[in-house]
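Asks: Okay, here's the prediction I keep looking at, along with the sequence it came from:
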Amino acid sequence: MPTSQSPWKAPGDYTSRRPMGWVLRRSPWDVRAKRGRLAAAKALPFFLAERPEQRERRRNRRAIMMRLRSPGLLRDLLWLSQTGGGLSCCRRSALRWLHPAWPGMAGGRLPLRLMPGAAAAAAASRSLCTSPEGILEQPGKGPPPQQPAATTSAGMPASAAGQNSHNAGAGKEADGSGENKTKQGLLPSLEDLLFYTIAEGQEKIPVHKFITALKSTGLRTSDPRLKECMDMLRLTLQTTSDGVMLDKDLFKKCVQSNIVLLTQAFRRKFVIPDFMSFASHIDELYENAKKHSGGKVADYIPQLAKFSPDLWAVSLCTVDGQRHSIGDTKVPFCLQSCVKPLKYAIAVNDLGTEYVHRYVGKEPSGLRFNKLFLNEDDRPHNPMVNAGAIVITSLIKQGANNAEKFDYVMQFMNKMAGNEYVGFSNATFQSERESGDRNFAIGYYLKEKKCFPEGTDMVGILDFYFQLCSIEVTCESASVMAATLANGGFCPITGERVLSPEAVRNTLSLMHSCGMYDFSGQFAFHVGLPAKSGVAGGILLVVPNVMGMMCWSPPLDKMGNSVKGIHFCHELVSLCNFHNYDNLRHFAKKLDPRREGGDQRHSLGPLDYESLQHELALKETVWKKVSPESNEDISTTVVYRMEGRGEQN
């Protein structure tokens, strides 16, 4: 190494220089690190005097080493710390090429860093984690995914492999084999990881095992988002001789169309991570409420009086499309007053808040829902009483006939329900129209006070009102409607935007203050969630940003609310911190289904499909990066790192 007493000539004289081999053995990075800037400056003329191909190889190697020896990159991607989490693995040959004295190389195998507590095993040939607990778990925070880079079969960057093979006299053969194996990748794809998670060391997966694992996450095989996966699974089972067993290739073929959603599910990144545990709590609450008797089935509408008082059902749908049902959830029943917040949401979505509230107020009335009474401005108090609901009905699709209006609302309801069951009970419609004297009286009173838009046919509007009250749903389809409100207007099982954010916000606000008849204040105090009840026995319950529920039991209390449904809602909030004000500091501890292992889920709201597109990049495990220093293509071995979404301590 040159010093101040070096016999070398001045920097401008390029005739005297050390042998070129010295330059290749020690890079400028090593010179600066060990001898300082002065020595590097003195050595610069000798580097400039290299032959072009030598200079090119040296620059490429320097760029690679500078990038891969960067302290931040080593710490975040390669350094196997005892404190952090994350799936980080690399072949020994790659690390030996990076640094001959790399820590841990003497043991013969590179250790694999996983989440604390995950009992993972490294696969011999590819350093894979095969543990179902560790392979798709949250790896912790780290740098964003790197750009693709080509690697050779030996696990080292292609440019470095090219130089080593050139020095050995076999560059072309090594480069050719590296190109052929580039696409194979160093590390597994998401489909591989999902297979190893479910297989638990086996070479094939029974189909029933995959379906059982899928249902344990809360997803259903009938989920529209999994249609491609399920169709391919059925086709594969029909065309293969192995029957109900799937090897890795067949499994990847089946799941590749829906790998993002499936990865989110098996990594427990849904709003309720431990869904099976939460479902068991729901079942317990259901059984406790089932023991409560009392109440009376509504009989002022003859068709409603025919329902058995023993019917009892609860169904829920989360904002991520997780489903659970228990009880008589397949029995259709009429929405009745539960349709009021839905048609109000449609009106605000189409016409806007300012226009709708020219005709109806926002305050609780303090009176029975069917009272003949208006506020001081001669307007109905709110859209949740009969007078307000009749006026809201007159605002939907003004100028169209009743058939067109009904078709429009039914299509809207189908979108909110994710195309699940939404029907119509003509018998209930006829029965309600024949016994609807009170509603006719309210209609004429509203007409006298000029509460309708100009040119409204009051009798036709009342027929339309009775039709909407006679729309049939099941607990399962109604829970998806509630989940659409909880999800900010997006249907959770189709991903389609149905309602505007303004419509959802206003609807939930009025459900919270006016949705439970004269029990609204008590319900807001004890339960603290938006809800709407109906005389058919349904309670439409919304937990914003978490889930929607439908509870149905025909017997009603003196306020007109389902006896079992009210008890269930009270018990649910007593168990879980779903009340609007349960998360205040120093509040009594409750079960939080959104937590897993003590880590609070970051409040990102519903599953955003656009924000998950970056996860598709993880399917490619060999990346290519353009060097910002030299603007040249360089190759790096990028360590697989699956980024977590929205977890914080």
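Replies: Looks like it arrived, so ask away.
Asks: Would you state the predicted confidence (pLDDT) at Arg126?
Replies: pLDDT, Arg126: 35.
Asks: cool, His99 as well?
Replies: Value for His99, per-residue pLDDT: 43.
Asks: and what of Gly366?
Replies: Looking at Gly366, its pLDDT reads 74.
Asks: what's the answer for Leu74, then?
Replies: 41.
Asks: and if you look at Leu186?
Replies: For Leu186, the model assigns a pLDDT of 45.
Asks: what's the answer for the one 4 residues further on, then?
Replies: Residue-level confidence at Leu190 comes out at 81, pLDDT.
Asks: if you skip the residues just before and after it, what's nearest to Gly537?
Replies: In space, Gly537 comes closest to Pro554 once its chain neighbours are excluded; the distance is 3.9 Å by Cβ to Cβ, 6 or more residues apart in numbering. All C-beta spots, glycine's among them, are computed from the backbone N, C-alpha and C.
Asks: same check, this time on Ala531
Replies: Leaving out its chain neighbours, the residue that sits closest to Ala531 by Cβ to Cβ, 6+ apart is Leu541, at 4.7 Å.
Asks: any idea which element the one you found lies in?
Replies: Leu541 is part of strand 538-543 when elements are defined by DSSP states H and E.
Asks: Toward the C-terminus from that strand, list the very next helix or strand.
Replies: Next element after strand 538-543 (DSSP H and E): strand 547-552.
Asks: neighbouring strands for that next one, and are they parallel or not?
Replies: Using DSSP bridges, strand 547-552 pairs in its sheet with strand 313-318 (antiparallel), strand 538-543 (antiparallel).
Asks: Mind listing residues that contact the helix or strand just after that strand?
Replies: Downstream of strand 547-552, the first helix or strand assigned by DSSP H and E is strand 555-556. Outside strand 555-556, the residues that touch it by Cβ atoms under 8 Å, 6 or more residues apart in numbering are 293-298, 309, 535, 537, 562-564.
Asks: Which member of these is positioned nearest Ser574?
Replies: Among the contacts of strand 555-556, Lys564 lies closest to Ser574 (Cβ to Cβ), at 15.5 Å.
Asks: out of everything not next to it in sequence, what's closest to that closest one?
Replies: Ser553 (3.9 Å).
Asks: could you list every residue that touches the one you found?
Replies: 309, 311-313, 537, 562-565.
Asks: what stretches of the stretch 201-350 of the chain score poorly on pLDDT?
Replies: By pLDDT under 70, the low-scoring segments of the stretch 201-350 of the chain are 241-243.
Asks: same check, this time on the stretch 1-150 of the chain
Replies: For the stretch 1-150 of the chain, the stretches with pLDDT under 70 are 1-51, 60-150.
Asks: Model confidence for the residue nearest to Ala531, exactly?
Replies: 97.
Asks: who's it bridged to?
Replies: Here Leu541 sits in beta bridges with Ala531, Met549, going by DSSP bridges.
Asks: In this structure it contacts Ser562, no?
Replies: No - using Cβ atoms under 8 Å, Leu541 is not in contact with Ser562, being 11.0 Å away.
Asks: So which of the strands paired with strand 547-552 is nearest Asn402?
Replies: That would be strand 538-543 among these, by Cβ to Cβ, at 24.6 Å.
Asks: Residues contacting that closest one, please?
Replies: Outside strand 538-543, the residues touching it (Cβ under 8 Å, 6+ apart) are 333, 335-336, 338, 341, 478, 481-482, 485-486, 508, 511, 529-534, 548-552, 561-562, 565-566, 569, 578.
Asks: Going through the residues you listed, which ones are buried?
Replies: Neighbour counting by 16 or more other Cβ atoms under 10 Å classes 333, 335-336, 338, 341, 478, 481-482, 485-486, 508, 511, 529-534, 548-552, 561-562, 565-566, 569, 578 among the contacts of strand 538-543 as buried.
Asks: Overlap of the contact sets of Leu541 and Ser562?
Replies: Both Leu541 and Ser562 are contacted by Cys551, under the criterion Cβ under 8 Å, 6+ apart.
Asks: Can you tell me how far the residue nearest to Gly537 is from Lys449?
Replies: 35 Å (Cβ to Cβ, to the nearest Å).
Asks: and the nearest residue to Asn382 once chain neighbours are set aside, how many neighbours?
Replies: Spatial nearest neighbour of Asn382, excluding adjacent residues (Cβ to Cβ, 6+ apart): Cys514 at 4.6 Å. For Cys514, the neighbour count with other Cβ atoms under 10 Å is 26.
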